[in-house]
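Student: Structure, please.
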Amino acid sequence: VLSFIIFVCYIASLAASFMMAPLIEFLLALLLLFAYSKFVKKFEGLYWPLSDFLRCVSAAIIYFAISIAAVSKYSDGASKAAGVFGFVATIVFAIDFYVTFNELVAFLKQGSPDSPEGQKTEDENSDSDSD
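Tutor: Sure thing, here's the model as predicted:
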């Protein structure tokens, strides 16, 4: 929703050249939501929060960059509003990728060899036929 609001603000402003970034982010979010809802059962091996993490990191960086440019370069009200909403979106995406990153770390620690579930005893590792 925030990406759509920023898109509308950029359309109404003098900084219309920045309108593609929020539009692409909005469409990408819809695409990932649709793909997750339709294909989560078919692609069980795919870890879906990883795609959300990558989308959030790229969106936070892009929104931060275009918000700085919109606020500093253009003086109309719609550009300033789009810049402020862009900074808010940067914070929201940063929080989202922080939360998603913690989920990714917990997921990766599950399968690491130094976790208690991943460790095998020497008896399990030894080959009984080699004696």
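
Student: Tell me where the model's unsure across this protein.
Tutor: Counting by pLDDT under 70, the ranges of the chain that qualify are 111-131.

Student: May I ask you to name the longest helix in it?
Tutor: As assigned by DSSP state H, the longest helix anywhere in the chain is helix 77-110.

Student: Can you give me the buried ones in that helix?
Tutor: 78-83, 85-87, 89-90, 92-94, 96-97, 100, 104 (16 or more other Cβ atoms under 10 Å). Backbone N, C-alpha and C define where each C-beta goes, glycine included.

Student: and if you look at stretch 12-26?
Tutor: A12, S13, A15, F18, M19, A21, P22, L23, E25, F26.

Student: ok, the fourth one to F43 distance?
Tutor: What that stands for is F18. Distance of F18 to F43, given as Cβ to Cβ, to the nearest Å: 34 Å.

Student: Go ahead and confirm C9 touches D76.
Tutor: No: contact criterion Cβ atoms under 8 Å: C9 and D76 do not qualify, at 10.3 Å.

Student: Tell me which of the two has more neighbours.
Tutor: Taking other Cβ atoms under 10 Å, C9 and D76 do not tie; C9 has more neighbours (24 against 13).

Student: Tabulate the buried residues of stretch 12-26 (JSON lines), appending distance to V1 and secondary structure.
Tutor: Formatted as JSON lines, the entries for the buried residues of stretch 12-26 read as follows, by distance: Cβ to Cβ, whole Å; DSSP: H, G, I helix; E, B strand; the rest coil:
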{"residue": "A12", "distance to V1": "17", "secondary structure": "helix"}
{"residue": "S13", "distance to V1": "19", "secondary structure": "coil"}
{"residue": "A15", "distance to V1": "20", "secondary structure": "coil"}
{"residue": "F18", "distance to V1": "18", "secondary structure": "helix"}
{"residue": "M19", "distance to V1": "16", "secondary structure": "coil"}
{"residue": "A21", "distance to V1": "16", "secondary structure": "helix"}
{"residue": "P22", "distance to V1": "11", "secondary structure": "helix"}
{"residue": "L23", "distance to V1": "14", "secondary structure": "helix"}
{"residue": "E25", "distance to V1": "12", "secondary structure": "helix"}
{"residue": "F26", "distance to V1": "9", "secondary structure": "helix"}
